[in-house]
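> Model the structure of this input:
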Amino acid sequence: MIKSDIADRLEKKGNLSRTKAVYLVDTILDSIKEALLRGEKVEIRGFGSFRVVPKKSGYGRDIRRNKQMAIGGGQRVKFRPGQDFKGQLKKRPDK
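Sure thing, here's the model as predicted:
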């Protein structure tokens, strides 16, 4: 599923115009992104939570030159599903 698919569903279920549906999806995603960039935790009840966690620095190998190189640390976004969502995932049949 991509962003336009979400807007399509919102358009149909919410009886909105395409422009308003796209604007709504963009606004929600921008709000989540801005909160994460400020270092805040974003929690959506029944779905899950997002938070920014530090990423360790380490070493990798340049296979062309066969040399070890440092890979800097950074930050990444971590998602943790909520209890309701976890329960639904457990009930889902394997494919």
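> so where do the helices sit in this protein?
Across the chain, reading from the start of the chain, the helices by DSSP state H fall at 3-13, 18-37, 83-91.
> give me the low-pLDDT residue ranges for this protein?
Across the chain, the ranges flagged by pLDDT under 70 are 95.
> who touches the residue lying closest to residue 8 once chain neighbours are set aside in this structure?
Spatial nearest neighbour of residue 8, excluding adjacent residues (C-beta to C-beta, 6 or more residues apart in numbering): residue 21 at 7.5 Å. C-beta here means a position set from N, CA and C on the backbone, and glycine is covered the same way. Applying C-beta atoms under 8 Å, 6 or more residues apart in numbering, one finds that residue 21 lies in contact with 7, 8, 10, 11, 14.
> In this structure the first one contacts residue 28, no?
If I follow you right, that is residue 7. No: using C-beta atoms under 8 Å, residue 7 makes no contact with residue 28, being 10.6 Å away.
> Compare these two and say which one has the larger neighbour count.
In terms of neighbours (other C-beta atoms under 10 Å), residue 7 is the more surrounded of residue 7 and residue 28; the figures are 20 against 13.
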